[in-house]
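Visitor: Structure for the following, please:
(2 chains)
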Amino acid sequence: MRDFSYLRASSAEEARHAALQVGATLLAGGTTLLDLAKCGVIEPETVVDITHLSGLGQIAVNKDGATIGALARMGEVAEHPQIRADFPAVAESLSLAASAQLRNMATIGGNLLQRTRCPYFRDPGTFSACNKRSPGSGCSAIGGVTRNHAVLGTSDSCIASYPGDLAVALVAFDALVDLGSRKVAVDEFFLLPGDTPDRETVLERGEMITAISIPASAAAKNSTYLKIRDRQSYEFAAASAAVGIEFEADGRTVRNIRVALGGVATKPWRARSVEQALAGKVLDADAVDKASRLAVEGAVAHGGNHYKIELAPRVVARAILTMAQNMGVLA
Amino acid sequence: MTIMETRKHGDAGDGLLGTRYSRLDGKLKTTGGATYALEHPVKNLTYAVLVQSTIPAGRVVKVDATQAAAAPGVLMVLTPEDDLGLKVASDWYGNRPENQPFNPLPRDVSFNGQATAAVIAETLEQATEAARLVKVSYEETPPVMSLDDPNAGDGKVVDMLTVAWGDAEAAFAEAPVKIEAEYRTPREYHVPIEPHGLTVKWEGDFLTVWEPSQWTHGMARTYAEWFGIPYENVRIVSPFIGGGFGSKAMGYAYSAVAAAAARTLGRPVKLAVTRPQTFTAYGGRAATKQTIRIGATENGVLQAIVHNGASETSVFADFPEQTGAATPLLYAVPNLSTRHRLIPVNTVTPGALRAPGKNPSAFGLESAIEELAYAIGMDPLELRLKNYADHDYQSGKPWSTRRLREALTEGAEAFGWSRRSHAPRSMRDGRQLVGWGIGCGCFPVLTAASEALIRVLGDGSVEVVSGAIDMGQGTYTILAQTAAEALGVPTEQIAVRLGDSSLPGATVAGGSMLAGAITGAVHKAATAAREELIGLALNDARSPFRETGANTLTLADGRIAVPSGEGPSLTLAELMSALGRESIEAQRNTLPEGANGPEDHRRSWTTMANIQGPTAGDLSMHSWCAHFVEVKVDEDFGTVRVSRVVSAFDCGRLYNPKLAESQWRGGIIMGIGQALLEEGLVDARNGRVINNNLGDYLVPTNADVPHIQVISVGIPDHDASVLGGKGVGEVGIVGVAPAIANAVFHATGKRVRDLPITLEKLI
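Guide: Model prediction:
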């Protein structure tokens, strides 16, 4: 790896200022940065260490919602009793992610910015074409081994899937990313690849995630995260779903349902058409099954990932039915 | 140099052979005290980093190393331009072409990921960065990517693997029940947690190599021949190995590059193969395909097996992954033919990976047998017992010991097989379809000579010394137990020294044969040492026993005494002191009488030429196993979870049941990976293995491994080895993948014939 200069930021202001330089990269848990630097994908000239900034690691939960500092570790958030109580899908998405060792190191802010696991993105020495790495160079994944690539939100430029779990839960519950000077909805924070897959978020140079806030809701409290994969631990999702449901006072009619998908799309994927199809309805297995199929509307397969179009709706349906059963709504 | 101190743990019993003594190296490994090859401290060290090819076939036209050579800290860049002055070394069997140059960085490229250059620098970081600056230009030629490539052709039949008796085609044609299917296994990799690499140091014409090695003597020979120096000038040091599984029994191209660089530079070199590079720095298990036709009567009596298999190999060397290795051995069948083809493709030459041959072979046959069971509506256990082979149909010889029937019946009993309902999809647990399956396995008993030294020291302690290795299977431990038993000395008094080619010769830790070979040598040397001690005690003028009139003495619990119990009783230390001896040594080997000269030693320790196969004598000798597996398959998601395993083994006498069980479980866990997760994903456009890391090449995690009950049904087999054991290390994986595939069929009604059984094959 290339030599770089190292700066330990003593304030958020200093970190932002340093991050304005071309070639500067923020260092938090380092689990993605070190990995991608070893692959030769990221070649920082300056590494700005923000791990010593105070006040960015707190987790606060009250009746309005949760605020999670950007430097809180994945493991801490997953184990936090109030997060587990009020936002179970968020806690579960974290405890099902990565490995225990990674969860102990990786931060929440860094987790949102986790890069894709596309093997073509990760191997610049062999595959020079990657629009995400070098804009305009082409996409090596299209026509290659695509078992884990996205079927939703793809473009001719990029079919890499967003790998994370947490952001899927966050997008379901309208969480906001706090950038200090502005707050952005998670759904808007992530960008579709379009013609510019190198641009993955709305984060501007010199901006830094300071916290994530999740508004409290009955749906978030009655939520779950279901992650399906071949290996039972330490594997990215073949398909996953974050689901939260609030019923009307009758205990049967859906007042509010949230559905988001992971492992199948180029960004954390809110499945609003599924939500709309079920809102105001009385849940039954057929209705759930039908609605869940809407989750993959517009999906496009590229070779080996076609199974995701079949799998994702089943994951959504199971998550909804499991929640409904747990809440005593369905037998 | 490593001396293992022995300690009892838990309920270890007396530490003698056959007891559950804990691994002597366990504490060192778990506390970080064990020093692996790449951790060995060497002064004035330099670092080498490999550059691998990015095309599958062609020629290196030019290597532009200008930038790399000018990068900070760079000492040397090696490319195909450099004549390293090496000569081709012998193959495993000791065959060596005359005076043929060996270039470990060849100009011709025959697979993606082949070593094409190396950078040596003052630090690892400098070498790594400079390696990325090496610009290689290629001239590409059309590659052959896989067994399925239209240009792959049919390859060549490997005649020595053809087996036939009776008239299999005719008997198959006439059989009332026929099944036919093709089974496939993908490229699989060893992925030991200790990656490959080495530290090398020259002192004049003497070369020391710290490199994980399953065979110190064989690898020492390879280096000696590469560099044209005497065998005695090379020392391979390998006290600890973080997993080998067949991949650490030879020197590879990168080994030669590191040693050549060290010689040229005049400084020690460390070369660590990166995890992605390990996928092509040496070969994993070759992809295979095999067609099996079985003809049977309507009540399930086998009439014929017709088997045609193929495996891929590289375009420059033949390594057959023998799809027919287990096919002739498992069942009584009056007519059989099996044939294996080798198909060259642009891959690294495949290598030996835990139970080479037997493993994919059993996947085919044991899947096909259950297909037959369902075709005729018979319980798969009953079908297997009905066609039980009472002798080896291939060689015509009787089995030495074959407790496969006991393995099947005792395994079935422990598993609760009788509670099974036969129809597919007939057992479930909520949304989980439940299935049960069986897979049998075998592994041949290979026999080889080895040598060991026993040294009794003045303080009464005993050293066991051999160049054999311990890669986790327990050599240190069972040798201490062997010596303790033969000498009558507590295990705590025994230290074991292994893993160094300068120590007495040993055969390769491969083919599940090391334990049988080296315990024989240690037992012989320890018995000789005991006899010498007793002889001296009876006859030496200084011995207090001389006047007792005894004509023999007992040696037990570390004390030497008169059998009657009267007269003196001395500790070994007291005896040694009385004798005025600082040490007594006995070095013995198990070479046949009349074949104990220097050339016999060279052939036996440094080549595989003298290894005897399972039917070399009058008997057919194998280890056997039967696996019973329960899976739960999610009916919506196609995810397979192994929920229960019961496996019964006949590996003869167990020298240490705790370690044998651990090896069996390890094999079963690897089998779970093979069945459900492992597959080298190759980009068909350029031959790159794209999941070349532990995040993407999936092996089982603890969460994927259920409780595994293992049962030993073996009895001592003294034809197989001096002390009655048969091979333990490899048989455990054989039959696991078909047992899982069979259970998946029972659960779902879907027969998956190509591994791994990933979820998209079931939804």
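Visitor: Test my guess that B:Ile740 contacts B:Gly437.
Guide: Yes - at 6.5 Å, B:Ile740 counts as touching B:Gly437 under the criterion of C-beta atoms under 8 Å. From N, CA and C alone the C-beta is placed, and that goes for glycine too.
Visitor: Those two: which is more packed in?
Guide: Under the criterion of other C-beta atoms under 10 Å in any protein chain shown, the comparison of B:Ile740 against B:Gly437 puts B:Ile740 first, with 30 against 24.
Visitor: picking up where we left off before, quick check: neighbours shared by B:Ile740 and B:Gly437?
Guide: B:629, B:631 (C-beta atoms under 8 Å, 6 or more residues apart in numbering or on different chains).
Visitor: So what does the closest residue to B:Lys135 other than its chain neighbours look like in phi/psi?
Guide: With C-beta to C-beta, 6 or more residues apart in numbering or on different chains as the criterion, B:Lys135 has its nearest non-adjacent residue at 4.1 Å, and that residue is B:Asp64. Backbone torsions for B:Asp64, taken as degrees, to the nearest 10, come to phi -90, psi 100.
Visitor: Now do the contacts for B:Asp64.
Guide: Per C-beta under 8 Å, 6+ apart, neighbours of B:Asp64: B:134-137.
Visitor: Which of those ranks first by neighbour count?
Guide: Going by other C-beta under 10 Å, B:Val134 tops the contacts of B:Asp64 with 23 neighbours.
Visitor: if we can go back for a sec, would you reformat the contacts of B:Asp64 as a markdown table and include secondary structure and pLDDT?
Guide: Listed next are the contacts of B:Asp64 as a markdown table, based on DSSP: H, G, I helix; E, B strand; the rest coil; pLDDT from 0 to 100:
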| residue | secondary structure | pLDDT |
| --- | --- | --- |
| B:Val134 | coil | 98 |
| B:Lys135 | strand | 97 |
| B:Val136 | strand | 98 |
| B:Ser137 | strand | 98 |
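Visitor: what does chain B put close to chain A?
Guide: Taking C-beta under 8 Å from any C-beta of the partner chain as the contact definition, chain B meets chain A at B:54, B:72, B:112, B:125, B:128-129, B:132, B:276, B:431, B:636-641, B:676-677, B:681-683, B:685-686, B:688, B:690-691, B:695-696, B:698, B:700-704, B:756, B:758-760, B:763.
Visitor: and those residues, which of them are in strands?
Guide: Among these, the members found in strands (DSSP state E) are B:640-641.
Visitor: And the pLDDT at the residue lying closest to B:Ile763 once chain neighbours are set aside?
Guide: Distances taken as C-beta to C-beta, 6+ apart place B:Gly638 nearest to B:Ile763, at 3.9 Å, with adjacent residues excluded. Note on B:Gly638: pLDDT of 98.
Visitor: Need the distance between the two termini of stretch B:573-592.
Guide: This stretch, stretch B:573-592, spans 34 Å end to end (C-alpha to C-alpha, to the nearest Å).
Visitor: can you pull the contacts of residue 86?
Guide: In the absence of a named chain, this looks at chain A. A:Asp86 touches A:61, A:66, A:216, A:220-221, counting by C-beta under 8 Å, 6+ apart.
Visitor: right idea, wrong chain: chain B
Guide: Neighbours of B:Leu86 in contact, by C-beta under 8 Å, 6+ apart: B:101-104, B:226-227, B:256, B:260.
Visitor: do that again at 10 Å, thanks
Guide: B:100-104, B:223, B:225-228, B:256-257, B:259-260, B:263 (C-beta atoms under 10 Å, 6 or more residues apart in numbering or on different chains).
Visitor: A:Val264 too?
Guide: A:148-153, A:161-162, A:168, A:237-241, A:295-296, A:299, A:305, A:308-309, A:311-312, A:315.
Visitor: Type out the PyMOL command that picks the buried ones from those residues.
Guide: PyMOL command restricting the contacts of A:Val264 to the buried ones, with burial defined by 16 or more other C-beta atoms under 10 Å in any protein chain shown:
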select buried, chain A and resi 148+149+150+151+152+153+161+162+168+237+238+239+240+241+295+296+299+305+308+309+311+312+315
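Visitor: SS state for B:Ala609?
Guide: coil (DSSP: H, G, I helix; E, B strand; the rest coil).
Visitor: Against chain A, how distant is it?
Guide: With distances taken as C-beta to the nearest C-beta, to the nearest Å, B:Ala609 is found 40 Å from chain A.
Visitor: That residue touches B:Arg603, doesn't it?
Guide: Yes - B:Ala609 is in contact with B:Arg603 according to C-beta atoms under 10 Å; the separation is 5.3 Å.
Visitor: Please enumerate the shared neighbours of these two.
Guide: Shared contacts of B:Ala609 and B:Arg603, defined by C-beta under 10 Å, 6+ apart, are found at B:93-94.
Visitor: Comparing these two, which residue is more hemmed in?
Guide: Under the neighbour definition other C-beta under 10 Å, B:Ala609 and B:Arg603 were set side by side, and B:Arg603 has more, 18 against 14.
Visitor: The more buried one belongs to a helix, doesn't it?
Guide: Yes - with three-state DSSP as the criterion, B:Arg603 is part of a helix.
Visitor: Centroid-wise, who is the farthest residue in chain A?
Guide: In chain A, A:Asp250 marks the outermost C-alpha relative to the chain mean, sitting 33.6 Å out by C-alpha atoms, centre = their mean.
Visitor: OK, contacts around A:Val145?
Guide: So A:Val145 contacts A:119-120, A:303-305, B:681-685, B:688-691 (C-beta under 10 Å, 6+ apart).
Visitor: Mind pulling up the pLDDT for the closest residue to chain B within the stretch 51-200 of chain A?
Guide: Of all residues in the stretch 51-200 of chain A, A:Pro119 sits closest to chain B, at 4.1 Å by C-beta to the nearest C-beta. For A:Pro119, the model assigns a pLDDT of 98.
Visitor: Excluding chain neighbours, give the residue nearest to it in space.
Guide: B:Ile690 (4.1 Å).
Visitor: Next: B:Pro97.
Guide: B:Pro97 sits nearest to B:Val88 (C-beta to C-beta, 6+ apart), 5.6 Å away.
Visitor: how close does that neighbour sit to B:Ser238?
Guide: Separation of B:Val88 from B:Ser238 (C-beta to C-beta, to the nearest Å): 23 Å.
Visitor: okay, the two: which has more neighbours?
Guide: Each of B:Val88 and B:Ser238 has its neighbours counted (other C-beta under 10 Å); B:Ser238 has more, 29 against 15.
Visitor: secondary structure class for B:Val710?
Guide: Relying on three-state DSSP, one would call B:Val710 strand.
Visitor: show me the contacts for it.
Guide: With C-beta under 10 Å, 6+ apart, B:Val710 has these contacts: B:411, B:414, B:625, B:627, B:645-649, B:657, B:660-665, B:667-668, B:732.
Visitor: Report the buried members of these.
Guide: B:411, B:625, B:627, B:645-649, B:660-665, B:667-668, B:732.
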